[in-house]
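# need a 3D model of the sequence below.
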Amino acid sequence: MLLRALLTLPCVPLLLFAAATPAPGQIVYRNDFETGDVAGWSTPTIVNPLFQRPIRIGANPRGDVSFLGDFGDQRVTFTTTPLPPHDSLVVELDLYVIRSWDGRESTSDGPDLLTISDAERGQLVRTSFSNKEDLRQSWPDEYPGGDHPAFTGAVAISSLGYADGDAIYRLRLAWPHTGSTLSLTLEAELRDRFPIIVNESWAIDNVTITAVQLPSPSATIIAGVAAGTPGDQVFVPVYLRDVVAVASSGATAIRTTLRYNASLLMPESPTPIGRVENGERVIDLELPIALGGDSTIGVLVFRAVLGSDTVTALTLEGSMGVGGDIALVERAGRFTLRGLCEAGGTRLFREEHAALLRVPAPNPMRDGALITYSIATDEHVRLDLIDASGAVVSTLVDERRVPGEHELSLGPVSAGRYLLRLRAGREVEEQVLVVTR
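Numbers count the residues shown, from 1 in each chain. This is a model prediction of the structure:
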């Protein structure tokens, strides 16, 4: 079946039999054959004029329509060079199917076929036409498929004045092409007991060839803005904006990496847990593309927790198309922690302080983890394991400790996301711990 795809999907030809919007791009050839210009057109040496004709400008019986042809059971080629830089070509023309074409019927008189091909791309279409009401044709499908009444898709019937009938079809073909030369061939295969040109023939008119330079696929990927109080579920959208020709890239998804202050947000399903690097949570994402243009391509789910700051950037990096190249601009989002008591100063733990609680190892953990912390002075130390709701699950340390580094082992606990909170004198340190099963 002939594929009626958009020009922005350049992997297949586009063939339409109705009038189409003019193609964007640079017109490299246009001819209505009213001036007698046949430059670029050729046909093999004529052996017998009963079967074939040389390149010529002809006219219908009334003499009021000029066209290239008519031709018989033969091949006609148009060649032009040089073409401007381009990704695709679009050819629009009127095909005149003249006299007693016998459609798709396999008889001594048929099938009557027309093939259009490009030297770079190969065959673009091969189909059959019928000018007889009792015989059927393949068009607008490919031969040998398609089984349609005669004249299906014609824009005019018996308008040229031929005694044995005629039909006009408006064709539009588009296909990937990058070479500097176009060599377009139209070839009729007319099966007939009496194969003479006055029995079956064809012609073309109103030919326009356009070289199309498709824009490079590009877009902007944006992390959204969100806010929440400790314990809130937080939703962060990821947007695709300023979308240009992404559908033509072949990409089905975008792969990107999200970074943010790990102490402020804990991922919740279905958002991947990711990993913690130098206090930042790093999450690798693959988000499917909606081909309709600007869209929301993902929503990430988190739980807000008390952290080392009130704001963190949500930074996207390393963004790339999956299945096709897309030039992507990345724009960071932002998360703001709200609902904190400001009296006497915001109650957060500081980055520069005497106490230090390191990231548990491993994290995420399954059966256990090593917890390491250090203090600079002789202090009373309390270390709590807190669940996502803010409840203390276990107090791991609650005693006075000497200066230096200390370690302890955490045994198995239920799967979930936890906060380790270290209090040493007036200092507070926190780390997120994820437990999997």
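# quick one: the strands in the stretch 251-400 of the chain?
Remark: strands of the stretch 251-400 of the chain, listed N- to C-terminal, are 253-261, 265-267, 275-277, 280-288, 295-304, 311-322, 327-331, 333-337, 356-357, 369-375, 379-387, 392-401; assignment by DSSP state E, counting those that start in this stretch.
# can you list contacts of the last one?
Just to be clear, that refers to strand 392-401. For strand 392-401, the surrounding residues in contact (C-beta atoms under 8 Å, 6 or more residues apart in numbering) are 371, 375, 378-387, 406, 408, 410, 413, 418, 420, 424. Where you see a C-beta, it was placed from the backbone N, CA and C, and this is true even at glycine.
# before we move on, the earlier item: most tightly packed of the strands of the stretch 251-400 of the chain?
Compared across those, strand 265-267 shows the largest average neighbour count, a mean of 23 (mean count of other C-beta atoms under 10 Å).
# and that one, what other elements does it pack with?
On a contact count with 3 or more C-beta pairs under 8 Å, 6 or more residues apart in numbering; DSSP states H and E, strand 265-267 meets strand 280-288, strand 295-304, strand 416-424.
# redo the ones you listed as JSON lines? Include mean pLDDT and distance to Thr80.
Output for the helices and strands packed on strand 265-267, formatted as JSON lines (pLDDT from 0 to 100; distance: least, C-beta to C-beta, whole Å):
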{"stretch": "strand 280-288", "mean pLDDT": "94", "distance to Thr80": "42"}
{"stretch": "strand 295-304", "mean pLDDT": "92", "distance to Thr80": "40"}
{"stretch": "strand 416-424", "mean pLDDT": "90", "distance to Thr80": "66"}
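# okay, those strands in a markdown table with distance to Ile168 next?
What follows is these, written out as a markdown table (distance: least, C-beta to C-beta, whole Å):
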| stretch | distance to Ile168 |
| --- | --- |
| strand 280-288 | 44 |
| strand 295-304 | 42 |
| strand 416-424 | 70 |
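# what's the closest of these to Leu93?
Ranking these by proximity to Leu93 (C-beta to C-beta) places strand 295-304 first, at 37.4 Å.
# phi, psi of the most centrally placed residue in the chain?
The structure's the chain has its C-alpha centroid closest to Ala247; by C-alpha atoms, centre = their mean the separation is 3.0 Å. Here is the backbone geometry of Ala247 (degrees, to the nearest 10): phi -60, psi -30.
# for Gly390, same thing?
In this entry, Gly390 is assigned phi and psi values of phi 100, psi 0 (degrees, to the nearest 10).
# contacts only, for it.
When contacts are taken as C-beta under 8 Å, 6+ apart, Gly390 is in contact with 230-231.
# tell me how far it lies from Gly339.
When C-beta to C-beta, to the nearest Å is the yardstick, Gly390 and Gly339 sit 12 Å from each other.
# overlap in contacts of the two?
Taking C-beta under 8 Å, 6+ apart as the contact definition, Gly390 and Gly339 share the neighbouring residues Pro230.
# what about the strands in the stretch 101-250 of the chain?
Secondary structure of the stretch 101-250 of the chain (DSSP E, counting those that start in this stretch): strands located at 112-118, 122-128, 156-157, 166-176, 182-190, 200-212, 218-223, 225-228, 233-244.
# poorly predicted segments of the stretch 1-150 of the chain, please.
Within the stretch 1-150 of the chain, the stretches falling below the threshold (pLDDT under 70) are 1-24.
# go again using 90 as the cut-off
The model of the stretch 1-150 of the chain has pLDDT under 90 over residues 1-25, 45-51, 87, 105-110.
# check the stretch 201-350 of the chain too.
Counting by pLDDT under 90, the stretch 201-350 of the chain shows low-confidence ranges at 213-216, 229-233, 244-250, 262-269, 273-279, 290-295, 303-309, 338-350.
# swap the cut-off to 50 and go again
For the stretch 201-350 of the chain, the stretches with pLDDT under 50 are 343-347, 349-350.
# how about Pro230, nearest residue that isn't a chain neighbour?
Using C-beta to C-beta, 6 or more residues apart in numbering and skipping the chain neighbours, the partner closest in space to Pro230 is Leu306 (4.8 Å).
# and what of Tyr239?
Ile222 (4.4 Å).
# distance of that neighbour from Ala39?
52 Å.
# and the two? which has more neighbours close in?
Counted by other C-beta atoms under 10 Å, Ile222 and Ala39 do not tie: Ile222 has more neighbours, with 21 against 10.
# bridged to that one, which residues?
Taking DSSP bridges, one obtains Tyr239, Arg331 as the residues bridged to Ile222.
# got a list of what it touches?
Under the criterion of C-beta under 8 Å, 6+ apart, the neighbours of Ile222 are 238-241, 316, 330-331, 333.
# tell me which two of the residues you listed sit farthest apart.
Comparing all pairs in these by C-beta to C-beta, the longest separation belongs to Leu240 and Gly333, at 13.5 Å.
# looking at the strands of the stretch 251-400 of the chain, which is closest to Ile55?
Taking C-beta to C-beta as the measure, the strands of the stretch 251-400 of the chain were each checked against Ile55, and strand 327-331 came out nearest at 45.6 Å.
# now do the contacts for the nearest residue to Ala290 once chain neighbours are set aside.
Spatial nearest neighbour of Ala290, chain neighbours left out: Ile297 (6.4 Å); criterion: C-beta to C-beta, 6+ apart. Contacts of Ile297 were listed using C-beta under 8 Å, 6+ apart, and they are 221, 238-240, 254, 287-290.
# cool, and Thr315?
Going by C-beta under 8 Å, 6+ apart, Thr315 touches 223, 258-260, 330, 332.
# please redo it, this time with the cut-off set to 10 Å
Contacts for Thr315 were tallied using C-beta atoms under 10 Å, 6 or more residues apart in numbering; they are 223, 257-260, 280, 282, 330-334.
# for it, name its beta-bridge partners.
Arg259.
# state the distance from it to Arg170.
Distance of Thr315 to Arg170, computed by C-beta to C-beta: 53 Å.
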